[in-house]
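> This is a predicted model, with the sequence first.
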Amino acid sequence: MNFLARIQRPLGIITLLALGASTWMVFNAPLDFQQGNSVRILYAHVPSAKMALFCYILLTLSSIVYLWKKNETADILAEAAAPVGAAFTAVTLASGAIWGKPMWGTWWAWDARLTSMLVLLILYMGIMALRNALDEPLKAARATAVLAIIGAVDLPIIHYSVVWWRTLHQPASFGGSSGNPSITGDLLPPLLAMAISFILLGGYLVVLKAREVEAHRQLEQLDVERMEEDD
Amino acid sequence: MLKAVYRIAWKDVVGDLRRRATLSSMLFFSIAVLVVFQAAFEPDRQAATKLLPGLLWATVLFTSLMGLGRVFQAEEENGAFEGLMLASVPRGIIFLGKWLGNLLLTLLVQAMILPLTLILFNVDAWHLIPHIFGVLILGILGLTGLGVLLAAMTQAARSRETLLALLLLPLVAPLLIAGVQATAGVMVPDGQPGPWIRLLLIFDTVYLALAPWGFGWLVEE
């Protein structure tokens, strides 16, 4: 945990610089022939979608490690990954809707990716709510870990069931939703830069949150000890 | 081992039948849900036939939430959960017992809800009851498997019934999709329920394999 305290500030500065540089690159990239200025939304949308999934992978791995090794750091990481992942999922959904309105003519469609993302958001909320609703820290840690693993198993099933549902039911309404046009030359570097910046940002947020969670737990521990002294 | 599963399930089912706690509240709640649907959609006969799979599964989902909220309630109220955990059988077996009890109660309620739905919505599908009920059984296997695990997860939580609904509804989305599509598939002559029934079976297998193991982690000392 000392390690997190040491890397927090440098990681923050690097993240800020990277975000600044990639934003500059995004606004100097050529515009898409058809999409005009709104294509720039995708530079935030695609990386945050990736981070929404990365955070869930981190959450699942830490949950497995916690259940297996009973390592408290893994539990702190799991607790920190959930809100960060939820935030990225919300950004993905919101930016997608804002892009979808001018491009598809609608804010929302019950497409496989959109539906899985929405379920992912509810799942993150459920994991956070479960941890909040359980008073006993040990029970909360175990219950959220099991729930996270169940969610990890469920997410692919959800995704494929919605894909089946949509393809058997009706052809995909929007070409752009499932068959992304491949990105060419000039648009790629800013997207890569943004992806790297978002990975840094996600890492930085997890570090921040993990330190907060740790401080919170230490406070509660002190509280318990003080109560015991009073008795 | 199997005897322990059966004993736990039997204790729950008999206890519930005697107190009429879960069974009657699930049944009357389902009637209330059906009335709400009727008032909200006002389907005519043709529309009702088309809506039936969705109505049926939404009712199943809501009523089973009621039953799941009570799976561990008796133990919790009487402080008997620790006693149950002290039983000299693996935790997975205890889980299977609780699951079987809930499964039997839920199936009992659904067996009453299905004809009730057909009557209240004026749908002439009596000859299809075995098919529809078969699909319902397949869905309820996985639904109760996942549901009992989530009930164990939330039993000590504050506002646990709300939390249970919040956790269960997104996770059973595939089950709901597959269940509705399979039911619709068996109701029309040229329907194709095959792939959806396969999806239901996948869901059942995954959750019934995963849940006893997850329960073991949850209640570990």
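Perfect, I can see it now.

> Now do the same contact list for B:Leu143.
B:Leu143 makes contact with B:60-61, B:64, B:106, B:172, B:175 under the criterion C-beta atoms under 8 Å, 6 or more residues apart in numbering or on different chains. (Each C-beta comes from the backbone N, C-alpha and C, glycine too.)

> quick check, it in a helix?
Yes. Counting by DSSP: H, G, I helix; E, B strand; the rest coil, B:Leu143 falls inside a helix.

> tell me which element A:Arg142 falls in.
For A:Arg142, the host element (DSSP states H and E) is helix A:137-169.

> which other helices and strands contact that helix?
In this structure, helix A:137-169 makes packing contacts with helix A:41-69, helix A:72-104, helix A:112-133, helix B:129-154, helix B:160-171, helix B:173-187, helix B:194-219, judged by 3 or more C-beta pairs under 8 Å, 6 or more residues apart in numbering or on different chains; DSSP states H and E.

> closest one to A:Met25 among those?
Among the helices and strands packed on helix A:137-169, the nearest to A:Met25 by C-beta to C-beta is helix A:41-69 (8.7 Å).

> can you list the residues of chain B near chain A?
Chain B comes close to chain A at residues B:146, B:149-150, B:153-154, B:156-160, B:163, B:166-167, B:169-171, B:173-174, B:177-178, B:181, B:195, B:199, B:202-203, B:206, B:210, B:214, B:217-218, B:220, as judged by C-beta under 8 Å from any C-beta of the partner chain.

> make it 7 Å
Counting by C-beta under 7 Å from any C-beta of the partner chain, chain B comes close to chain A at B:153-154, B:156-159, B:163, B:166-167, B:170-171, B:173-174, B:177-178, B:181, B:195, B:199, B:203, B:206, B:210, B:214, B:217-218.

> So in chain B, which helix runs the longest?
For chain B, the longest helix by residue count, based on DSSP state H, is helix B:91-120.

> just the angle between that one and helix B:194-219, please?
Angle of helix B:91-120 versus helix B:194-219, following axes from the mean of the first three to the mean of the last three C-alpha atoms, to 10 degrees, is 140 degrees.

> Show me what helix B:91-120 is packed against.
Counting contacts by 3 or more C-beta pairs under 7 Å, 6 or more residues apart in numbering or on different chains; DSSP states H and E, helix B:91-120 packs against helix B:2-19, helix B:22-41, helix B:45-69, helix B:129-154, helix B:194-219.

> okay, those helices, which one's buried deepest?
Mean neighbours per residue, mean count of other C-beta atoms under 10 Å in any protein chain shown, is largest over the helices and strands packed on helix B:91-120 for helix B:129-154, with a mean of 23.

> For that helix, give the mean pLDDT please.
For helix B:129-154, the mean per-residue pLDDT is 91.

> low-confidence ranges in chain B?
Scanning chain B for pLDDT under 70 picks out B:221.
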